[in-house]
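Participant: My questions are about this predicted structure, shown below with the sequence.
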Amino acid sequence: MPALLDSFTLLDLCDILIVAALIYNFALYLKKEIAVRLLAFLLVFFVAFYFSLFSGFSSTSWLLRNIFSSSLLILAIIFQGDIRRAFLALGRSRVEAHVRDEVTETVEELTKAVAEMAQKRIGALIVIVRQLPIDHLVEVGTEIDAKVTSELLNSIFLPYSPIHDGAVIIQKGKLTKAGCLLPLSQNPDISKSFGTRHRAALGLSELVDALVMVVSEETGKISLVHEGKINYDIDQPEIRRMLKKALDGKRLPKTAIAGEP
């Protein structure tokens, strides 16, 4: 023991303190975010490694050399939870971006379709299903299950189409049915100037949270119907705004008031 103490120098003491400081600080860095931890770890590691090589700290050099030889494996083990979460977050962000792109595309196709039909005075009735199901309220209907496009919607509502008088159902971004019959509203206060399409839109919206779009064959005006209220003669920016909220599953404003042609 005395011989060991006689050979123990100030350099050895500094060497041991450096190793202890590295281990202590590395443990502290484990509490930080993954990017900060990795940067701090690599910075401390390389500085300490090169310092030990040129300073004669054999213990420190030995420790860091062994860490360096297995650094990738050590990092994978230490940060396995963070790496897994990072990959999951990346996957979620890609899925969310894809969903946002699909919603944007559907909104644009619907807006374009109703604008074209309004210009040509082609009557249309389009239902955007939200949280509440409507299958028990819809009669007849032709199963379609297709991507929403302005061309498809225009072809369905052309006067010579066999299903042009019914409603189109859009659910989860897909056109699922066409030629559907909706329950008519029994509200006696509805203006007599509103036709069957508006009454059907009101009737459905009184029972579920769907957003219903109506293109008037007589006036060429576009209406949005929600919770038993008609927003009549809506412009394209408002159509886009309401459609985006509906397709995103967001709460629609309750400020709509019944309008008249």
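Facilitator: That came through, no problem.
Participant: now the stretch 101-250 of the chain, which segments are flagged as low pLDDT?
Facilitator: Scanning the stretch 101-250 of the chain for pLDDT under 70 picks out 101, 249-250.
Participant: How are the strands of it distributed by residue range?
Facilitator: Using DSSP state E, counting those that start in this stretch, the strands found in the stretch 101-250 of the chain span residues 124-128, 139-147, 167-171, 174-181, 211-215, 222-226, 229-231.
Participant: which strands and helices sit next to the third one?
Facilitator: This means strand 167-171. Strand 167-171 sits against strand 124-128, helix 150-157, strand 174-181, with contacts defined as 3 or more Cβ pairs under 8 Å, 6 or more residues apart in numbering; DSSP states H and E. Every residue, glycine included, has its C-beta placed from N, CA and C.
Participant: Which of those sits closest to residue 238?
Facilitator: strand 124-128 (14.8 Å; Cβ to Cβ).
Participant: contacting residues for residue 197?
Facilitator: With contacts taken as Cβ atoms under 8 Å, 6 or more residues apart in numbering, residue 197 has the following neighbours: 123-125, 214, 216-217.
Participant: To residue 191, which of the helices and strands packed on strand 167-171 lies closest?
Facilitator: Proximity of these to residue 191 was assessed by Cβ to Cβ; the nearest stretch is strand 124-128, lying at 17.5 Å.
Participant: Show me what the closest one is in contact with.
Facilitator: Under the criterion Cβ under 8 Å, 6+ apart, residues 110, 113-114, 117, 134, 153, 157, 166-170, 180, 182, 197, 200-201, 204, 210-215, 243, 246-247 lie in contact with strand 124-128.
Participant: can you do 7 Å?
Facilitator: The list of residues contacting strand 124-128 from outside it, by Cβ atoms under 7 Å, 6 or more residues apart in numbering, reads 110, 114, 117, 134, 157, 167-170, 197, 200-201, 204, 210-215, 246-247.
Participant: Adjacent strands (with direction) for it?
Facilitator: Here strand 124-128 is paired, per DSSP bridges, with strand 167-171 (parallel), strand 211-215 (antiparallel).
Participant: Most tightly packed of those?
Facilitator: Compared across the strands paired with strand 124-128, strand 211-215 shows the largest average neighbour count, a mean of 26 (mean count of other Cβ atoms under 10 Å).
Participant: Next, the angle from that one to strand 222-226.
Facilitator: Regarding strand 211-215 and strand 222-226, their directions subtend 160 degrees when assessed with axes from the mean of the first three to the mean of the last three Cα atoms, to 10 degrees.
Participant: JSON lines for the strands paired with strand 124-128, including distance to residue 47?
Facilitator: As requested, the strands paired with strand 124-128 are exported to JSON lines (distance: least, Cβ to Cβ, whole Å):
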{"stretch": "strand 167-171", "distance to residue 47": "59"}
{"stretch": "strand 211-215", "distance to residue 47": "61"}
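Participant: among these, which is nearest residue 231?
Facilitator: Per Cβ to Cβ, nearest to residue 231 of the strands paired with strand 124-128: strand 211-215, 10.0 Å.
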